[in-house]
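1. compute the structure for the input listed below.
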Amino acid sequence: MEFLDFITNFLISLIAFVCHLLATLIITIGIFRALIIYMKKDRTFKEQLREVSDIKITIGNSFSLALSILVGASILKTVLNPSWNEIGMLTSIILLRTFLNTVLMHNLVEDEKELEDS
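-> All right, here's what the predicted structure looks like:
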C-alpha cells in the first residue's frame, strides 16, 4: 500500500510539473508569435493598428490557455496535501486565475470585434 501511495504521489507531482512546463512553453510561444507579428516591415499606420490587435489577441490567447493549465496543476498539487490551508490557498488561486482569465477573454472579444469592424 505504501508503494502505491509513493507511485501515485510521484505521478501526480510529475503531471503537475509537466503542466507548469507546458504553460511556460505556451506563453513563450505566444510571445515569440507576437514578436514575429511586430517585426514585420513596410506597414501602413492602419496595418500597424491591426497588428497591435493581432499581438494582443495572440498573447491573450496564450495567457488564457496557460492560466487554465495552471489551475489544473494547482488542483493536482492540492490532491497530494489536502489540508484546509492548502484548500484555502487553492480556492484563492483558482478565483484569482479565473478572474484574470475572464477579464482577459472579455478584452480579447472586444479586440476581435474592433478588428472585424475596421
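
2. centre-most residue in this structure?
-> For the chain, the residue sitting closest to the mean C-alpha position, by CA atoms, centre = their mean, is A66 at 1.9 Å.

3. quick check: closest non-adjacent residue to that one.
-> The spatial neighbour of A66 that comes closest, neighbours along the chain excluded (CB to CB, 6 or more residues apart in numbering), is A23 at 3.9 Å. To be clear about C-beta, it is placed using only N, CA and C from the backbone, and glycine gets the same treatment.

4. and the gap between I27 and I59?
-> Note on I27: its distance to I59, by CB to CB, to the nearest Å, is 8 Å.

5. for these two, indicate the residue with more neighbours.
-> Counted by other CB atoms under 10 Å, I27 and I59 do not tie: I59 has more neighbours, with 19 against 16.

6. which stretch of helix or strand covers the more buried one?
-> Take DSSP states H and E as the rule and I59 turns out to sit in helix 45-80.

7. next SSE downstream of that helix?
-> Going C-terminal from helix 45-80, and assigning secondary structure by DSSP H and E, you next hit helix 84-117.

8. buried sites along that next one?
-> Under the neighbour-count criterion of 16 or more other CB atoms under 10 Å, helix 84-117 has L90, I93, R97, N101, L104, L108, D111 buried.

9. name the helices or strands packed onto it?
-> Based on contacts counted as 3 or more CB pairs under 8 Å, 6 or more residues apart in numbering; DSSP states H and E, the elements that helix 84-117 packs against are helix 45-80.

10. just to revisit the earlier point, correct me, but the residue nearest to A66 touches S64?
-> No - shown here, A23 and S64 do not form a contact pair, counting by CB atoms under 8 Å, at 10.9 Å.
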